[in-house]
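Asker: Provided below for reference: sequence and predicted model.
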Amino acid sequence: MPQHHEVRHLPYSCEQMFDLVADVKRYEEFLPWVSAIRVRSDSATEMVADMIVGFKGLRETFTSRVQKTRPSEIHVDYLEGPLKYLTNHWKFAPEPDGCAVDFCVDFAFRNRVFEMLAGQVFDRALRKMIGAFETRAAELYGADAKGSTSGISNSSAHSAA
């Protein structure tokens, strides 16, 4: 099952990064492969949304529940779609020059062939998506919001098919 965990130290506040990640309805504006979002319900603490993802002629819909604990955590649980399971967790911790963003995702495909294919491109695709969040933060909040540069620190990735 593909898994990925990494921590990035970014020059933005926890509130800014929380707002960016929690704004699911805007994902289609900046995340690769996301072609549409439909928010079924949304409150200060929970959202249920459908995300339509397309890549090279394939198109799938994922439904997830997003639990929001402002400004420190966002937890995503998979409800429906082509996967066996998916969990995604974001933690935001204040630092003197910004925020540590701790990101973890774990999922498995129902289909073993898709699982094997995903293992071959998983890390590259995930890094592209994480980079899209960083780029979006720079666009919204400025490239150097707290006076320091962003980058990876203490990063680890795991991928298994």
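Answerer: That came through fine.

Asker: the nearest residue to residue 81 once chain neighbours are set aside: how many residues sit nearby?
Answerer: For residue 81, ignoring the flanking residues on the chain, the nearest one in space by C-beta to C-beta, 6 or more residues apart in numbering is residue 62 at 4.0 Å. Where C-beta positions appear, they are placed from N, C-alpha and C, glycine not excepted. When counting by other C-beta atoms under 10 Å, one arrives at 19 neighbours for residue 62.

Asker: my read: residue 62 touches residue 85, true?
Answerer: No. The pair residue 62 / residue 85 is not scored as a contact, 11.5 Å apart, by C-beta atoms under 8 Å.

Asker: joint contacts of the two?
Answerer: residue 78 (C-beta atoms under 8 Å, 6 or more residues apart in numbering).

Asker: for this structure, which residues score under the pLDDT cut-off?
Answerer: 1, 114, 117-120, 144-161 (pLDDT under 70).

Asker: quick check: residue 3 vs residue 108, distance?
Answerer: Using C-beta to C-beta, to the nearest Å, we find residue 3 at a distance of 10 Å from residue 108.

Asker: check residue 46 too.
Answerer: 24 Å.

Asker: so for the two, which sits in the more crowded spot?
Answerer: More crowded of residue 46 and residue 108, by other C-beta under 10 Å: residue 108, with 18 against 12.

Asker: contacting residues for that one?
Answerer: Residues near residue 108 by C-beta under 8 Å, 6+ apart: 1, 2, 83, 84, 85, 115.

Asker: redo that, cut-off 7 Å
Answerer: Residue 108 makes contact with 1, 83, 84, 85, 115, according to C-beta atoms under 7 Å, 6 or more residues apart in numbering.

Asker: give me phi/psi at the fourth one?
Answerer: In terms of degrees, to the nearest 10, the main-chain angles of residue 85 are phi -160, psi 160.
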